[in-house]
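> I need the structure of the sequence given here:
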Amino acid sequence: MSGDSHDRQQLVVVAVAGSEPEAEVISQRLEQAGISAIAQRTIGGPEWGSSGARYIYVSASDEADARRVLGSSGATGGDPVE
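Model (predicted):
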């Protein structure tokens, strides 16, 4: 796999949503800006239905644009995930 392909597959957390509906709103804002996003439940705690926090992931190459769209300064950490 080439370095460019590896970079495109690397994901970073750009937001944490408190619930599935909130994650959908954040993901829609990013999609409207042309940024693909993935919402995934955080680890820990009981999860029932649409409750429970979600991490919002974007490609590492879209991180700066996503944070600009969301008005985020990077307080969520933004550690890369493969």
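
> and the helix or strand harbouring A23, average pLDDT?
Assigned by DSSP states H and E, A23 belongs to helix 20-32. Mean pLDDT, computed over helix 20-32, is 94.

> Now do the helix or strand just after it against helix 20-32, angle only.
Counting by DSSP H and E, the next helix or strand C-terminal to helix 20-32 is strand 37-41. Counting by axes from the mean of the first three to the mean of the last three Cα atoms, to 10 degrees, strand 37-41 lies at 160 degrees to helix 20-32.

> What pairs with strand 37-41, parallel or antiparallel?
Sheet pairing for strand 37-41, assigned by DSSP bridges, gives strand 51-59 (antiparallel).

> Any buried residues in the strand it pairs with, and which?
Within strand 51-59, the residues scored as buried using 16 or more other Cβ atoms under 10 Å are 52-59. Every C-beta, even on glycine, is put in place using the N, C-alpha and C of the backbone.

> For the helix holding A23, C-alpha coordinates in CSV please.
This file holds the C-alpha atoms of helix 20-32, laid out as CSV (Å, rounded to 0.1, in the frame of the first residue of the first chain):
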residue,chain,number,x,y,z
GLU,A,20,-27.2,9.3,17.9
PRO,A,21,-29.5,12.2,16.8
GLU,A,22,-26.8,14.7,17.7
ALA,A,23,-24.2,12.6,15.8
GLU,A,24,-26.5,12.6,12.7
VAL,A,25,-26.8,16.4,12.8
ILE,A,26,-23.0,16.8,13.1
SER,A,27,-22.4,14.3,10.3
GLN,A,28,-25.0,16.1,8.1
ARG,A,29,-23.2,19.4,8.6
LEU,A,30,-19.9,17.8,7.5
GLU,A,31,-21.6,16.1,4.5
GLN,A,32,-23.0,19.4,3.4
